[in-house]
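# no sequence for this one, just the structure:
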């Protein structure tokens with residue numbers, strides 16, 4: 001039996017709004033993926049360290065603060081430093097004009113507010129499958145848990161309303 005895809009959902013930066021990240025974490029979990037949710041206000045260093053420790057297939061970032069370029073650049077640099085080849089997707093309030101720059105930084109895909117849960121789940125599943133098989137990750141559009149204070153990640157769990165905790 002194949003291993004379930006492992007997805008890290010991170011909420012970097014100072015933004016304190018995590019409803020979207022929890023909805024995404026829940027949708028990915030409901031689609032059969034294992035989700036590690038970092039919780040709020042996690043540094044890029046902690047995200048990359050957790051991704052390495054947990055051997056994740058995809059890193060998903062929820063960024064509403066406007067710092068998406070700075071955060072994605074830092075995460076890309078940290079992944080290169082550790083020689084980790086983990087696709088990164090980012091969602092949130094991302095102006096369309098910023099998408100090409102994020103892709104130049106190495107972001108595999110960008111999901112704005114118009115993205116549907118089925119679209120996000122499908123793309124993350126495809127990225128995870130390609131990553132686990134060592135395939136080149138293609139951009140279909142253009143060019144071809146919460147961490148505890150000790151740093152140990154906690155698996156996303158559904159509450160009785162379907163959200164992740």
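Arrived safely. The shown structure was predicted, so the numbers you read here are calculated from the model rather than taken from an experiment.
# Show me what the helix or strand residue 77 falls within is packed against.
Using DSSP states H and E, residue 77 maps to helix 68-81. Packing contacts for helix 68-81, counted by 3 or more Cβ pairs under 8 Å, 6 or more residues apart in numbering; DSSP states H and E, involve helix 44-54, strand 58-63, strand 88-92, helix 99-104. C-betas here are computed from N, CA, C, even on glycine.
# Same list (these) but as TSV, adding distance to residue 29.
TSV is the format used below for these (distance: least, Cβ to Cβ, whole Å):
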stretch	distance to residue 29
helix 44-54	15
strand 58-63	12
strand 88-92	16
helix 99-104	25
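# out of these, nearest to residue 76?
strand 88-92 (7.1 Å; Cβ to Cβ).
# now the closest one, how far from the centre of its chain.
Here strand 88-92 shows a centroid-to-chain-centroid distance of 6 Å under the convention Cα atoms, centre = their mean, to the nearest Å.
# And for it, what's in contact with it?
Outside of strand 88-92, the residues within contact range by Cβ atoms under 8 Å, 6 or more residues apart in numbering are 20, 24, 58-64, 68, 72, 75-76, 79, 102, 106-113, 115, 120, 123-124, 127.
# got the buried residues for stretch 45-61?
Going by neighbour count (16 or more other Cβ atoms under 10 Å), the buried part of stretch 45-61 is 46-52, 54, 56-61.
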